[in-house]
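1. Quick one: sequence plus predicted model below, questions after.
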Protein chains: 2
Amino acid sequence: MASRKKPAKGGLTHDELMHAAVRPDPALQRRSELLWDDRTRSTRGPKAAFTPEHVVQAAVKLADEQGLGAVTMQAVSARLGFTTMAIYRYFPSKDALYDAIVDAGMGLPPRPSAPRNGWRAEVTRWAQAKREMLCARPWLAELPFVAAPHGPNWLAWLEALAVPLSETGLSAADLGQMISVIDGFTRGASDTSISLARSRARGISEREWAAAVGADLGRAIGDPRFATFAAILTAPSDGRPRTMAESFDFGLQRVLDGIERYVTATC
Amino acid sequence: MASRKKPAKGGLTHDELMHAAVRPDPALQRRSELLWDDRTRSTRGPKAAFTPEHVVQAAVKLADEQGLGAVTMQAVSARLGFTTMAIYRYFPSKDALYDAIVDAGMGLPPRPSAPRNGWRAEVTRWAQAKREMLCARPWLAELPFVAAPHGPNWLAWLEALAVPLSETGLSAADLGQMISVIDGFTRGASDTSISLARSRARGISEREWAAAVGADLGRAIGDPRFATFAAILTAPSDGRPRTMAESFDFGLQRVLDGIERYVTATC
DNA sequence: CAGTACAAGTGTATGATATACACAGTTTAG
DNA sequence: CTAAACTGTGTATATCATACACTTGTACTG
């Protein structure tokens, strides 16, 4: 019973987070190490029939094909042709396996485009790629993303964003802020598309999904509590309907406008 | 086995979503109705010992105190003093209960401030309030938010954002876009704070949490693959460390700058 | 007023799941 | 050669969601 009612705006600063170097508690430490360590194989005992990598791949495939719910220890081991408990030789718990498939599922970010087009174009490419990655693996968003240890692929995505952003000439502190802004926007603004992708993976058609969401939103129409929002919903289209990808790009450009203004004012 | 590999950028437009009025599939429809219907009590049979509202409150309290994992049908019913199966008289499944606690957990948005301060100030207030709400109930972000039916509180938050935004004079279509931008940013940019809040609810101290995350990020330092990002991490502080709330506000102002620029250019 | 149809809470059963634990077989350091 | 260390297996347990049948209470119907 660990009830805490304190508001979450404690005094923790960005610096304190960024520069923390203390050893974390052993359990988390262990989970993190599984993402990084070389799994140096000690010599004795029988050769392992497979590697943690195989386990992760099997789990990712299951999640891709049948959703995160299908990723059970039994299903993963069956997929590998072994009994349930065999997996525990490679991952100490299901949570540890989840950590691993989060990082593996993210994959690597796209390579920077050959002739550098300026930071805005590169950042746009990055955000689109990240959004597409999230939509291609909608189960990633079902996991408590940020809570999981940040593995190598995770860092690779951040690096791929940091590189073009650095061209702006902003200070390191400001760059850190802008990374948060862009990454946060990208994740948050992809949610609806992710939801659609998840439904699709479950065999629900786009039409059915839109009908369900539309019906929910439609409850606002006629309800005086939601008059303004309803007016936005029911307004006649302005003639150029947008796909979700186009909507995302539109929003992204607004965000980048804001960043650009800061860059111009600062540098 | 419903494997789909198609990229998620299908042709679904914002309009098609917004104006969908078809009836959704019956299961989803049922779940949605539980959030809205008046639960008109039919006359026969014994009086119900409690109401769905009681169930939801018990579940929310459990989640607040011990995390989402503590919300089991058994725990909720025990909290109400009844046997496990009693709950099924009120909610047909755990998913339906989850839908209900998502909406209940969001609560109502803050009332608009008495003297209108202009859309920017109001939107800022809104985003801060939403962020604080998410941090106060970090378990909300563990649920597949957007996938759940959108209940009355959900719509109330959207309405509370739509009202000040309408002052900008943007078209309905653009307003819809801006709502997505702001809401998406707010959710995405709160993730780190939410993660911290969740750890705190589990009894992990701020210091321990920072140590764990810091250790993960610290792996980038010295690794040539993440040189740029590492440089940002290790750069000396610029003298004014920021709390997470302050970081959020900074990012929010950049986003609003971008929106403002569009407003100025358009209206 | 009688009785019956329906509703509410209960008890028990089932199947899925994570994971602890002890075991048997395997390989190699010493 | 032998024992230590490791591998996969089999079995057991605890926790859940949830189906189903049952008992009891209530108020509408005749």
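-> Noted; the coordinates are in hand.

2. Low-confidence regions, the stretch 101-250 of chain A specifically.
-> A:146-147 (pLDDT under 70).

3. Nearest to DNA strand D: which residue in it?
-> A:Arg202 (15.3 Å; Cβ to the nearest atom of the strand). For the C-beta atoms, the positions are set from N, CA and C on the backbone; glycine is no exception.

4. Check the stretch 1-150 of chain A too.
-> Closest point on the stretch 1-150 of chain A to DNA strand D, by Cβ to the nearest atom of the strand, is A:Gly45, at 2.7 Å.

5. How many neighbouring residues does that residue have?
-> Using other Cβ atoms under 10 Å in any protein chain shown, A:Gly45 is surrounded by 7 other residues.

6. So it: helix, strand or coil?
-> coil (DSSP: H, G, I helix; E, B strand; the rest coil).

7. For B:Val255, see how far away it is.
-> 55 Å (Cβ to Cβ, to the nearest Å).

8. Equivalent analysis for A:Glu132, please.
-> 22 Å.

9. Now do the contacts for the closest residue to A:Gly169 other than its chain neighbours.
-> The shortest distance from A:Gly169 to any non-neighbouring residue, by Cβ to Cβ, 6 or more residues apart in numbering or on different chains, is to A:Cys267 (4.5 Å). If a contact means Cβ atoms under 8 Å, 6 or more residues apart in numbering or on different chains, then A:Cys267 has A:168-170 as its contacts.

10. these two touch, right, A:Val71 and A:Val56?
-> No. At 10.6 Å, A:Val71 does not count as touching A:Val56 under the criterion of Cβ atoms under 8 Å.

11. Would you tell me which residues of chain A are close to DNA strand D?
-> A:41-42, A:44-50, A:77, A:82-86, A:88-90 (Cβ under 7 Å from any atom of the strand).

12. try 10 Å
-> A:39, A:41-51, A:54-55, A:74, A:77, A:80-90 (Cβ under 10 Å from any atom of the strand).

13. Quick one: work out the angle between the longest helix seen in chain A and helix B:244-266.
-> When chain A is parsed with DSSP state H, its longest helix is helix A:244-266. Angle, helix A:244-266 to helix B:244-266, by axes from the mean of the first three to the mean of the last three Cα atoms, to 10 degrees: 100 degrees.

14. list the buried ones in helix A:244-266?
-> A:244-245, A:247-248, A:250-260, A:262-263 (16 or more other Cβ atoms under 10 Å in any protein chain shown).

15. With stretch A:211-230 instead?
-> So stretch A:211-230, judged by 16+ other Cβ under 10 Å, has buried residues A:211-220, A:226, A:228-230.

16. again with stretch A:74-81
-> A:75-77, A:79-80.

17. which of those lies closest to B:Tyr98?
-> A:Ala75 (23.1 Å; Cβ to Cβ).

18. Would you mind measuring from that closest one to A:Ile87?
-> For A:Ala75 relative to A:Ile87 (Cβ to Cβ), the value is 10 Å.

19. Then A:Glu132?
-> Relative to A:Ile87, A:Glu132 is positioned 30 Å away (Cβ to Cβ).

20. Likewise for A:Gly118?
-> 47 Å.

21. Those two - which one has more neighbours?
-> Neighbour count, other Cβ under 10 Å: between A:Gly118 and A:Ile87, A:Ile87 has more, with 23 against 11.

22. could I get the buried residues of stretch A:211-230 as CSV with secondary structure and distance to DNA strand C?
-> Output for the buried residues of stretch A:211-230, formatted as CSV (DSSP: H, G, I helix; E, B strand; the rest coil; distance: Cβ to the nearest atom of the strand, whole Å):
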residue, secondary structure, distance to DNA strand C
A:Ala211, helix, 28
A:Ala212, helix, 25
A:Val213, helix, 27
A:Gly214, helix, 30
A:Ala215, helix, 25
A:Asp216, helix, 25
A:Leu217, helix, 30
A:Gly218, helix, 28
A:Arg219, coil, 24
A:Ala220, coil, 29
A:Phe226, helix, 30
A:Thr228, helix, 37
A:Phe229, helix, 34
A:Ala230, helix, 33
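
23. Those also near chain B: which ones?
-> A:211-220, A:226, A:228-229 (Cβ under 8 Å from any Cβ of the partner chain).

24. Would you confirm that A:Pro144 contacts B:Glu142?
-> Yes. Contact status for A:Pro144 versus B:Glu142: in contact at 5.8 Å, counting by Cβ under 8 Å.

25. can you list residues touching both of those two?
-> Common neighbours of A:Pro144 and B:Glu142 (Cβ under 8 Å, 6+ apart) are B:Arg198.

26. Provide the backbone phi and psi angles at the spatially most distant residue from the centre of chain A.
-> In chain A, counting by Cα atoms, centre = their mean, A:Arg44 sits farthest out from the average C-alpha position, at 39.1 Å. With angles defined as degrees, to the nearest 10, A:Arg44 sits at phi -70, psi 170.

27. Which pLDDT value goes with it?
-> We have a pLDDT of 85 for A:Arg44.

28. With A:Pro52 instead?
-> For A:Pro52, pLDDT reads 95.

29. So the nearest residue in space to it that is not next to it in sequence versus A:Gln57, what's the distance?
-> In this structure, A:Pro52 finds its nearest non-sequential neighbour in A:Tyr90, 4.6 Å apart by Cβ to Cβ, 6+ apart. As judged by Cβ to Cβ, A:Tyr90 and A:Gln57 stand 12 Å apart.

30. Since that was my last question, I'll sign off now.
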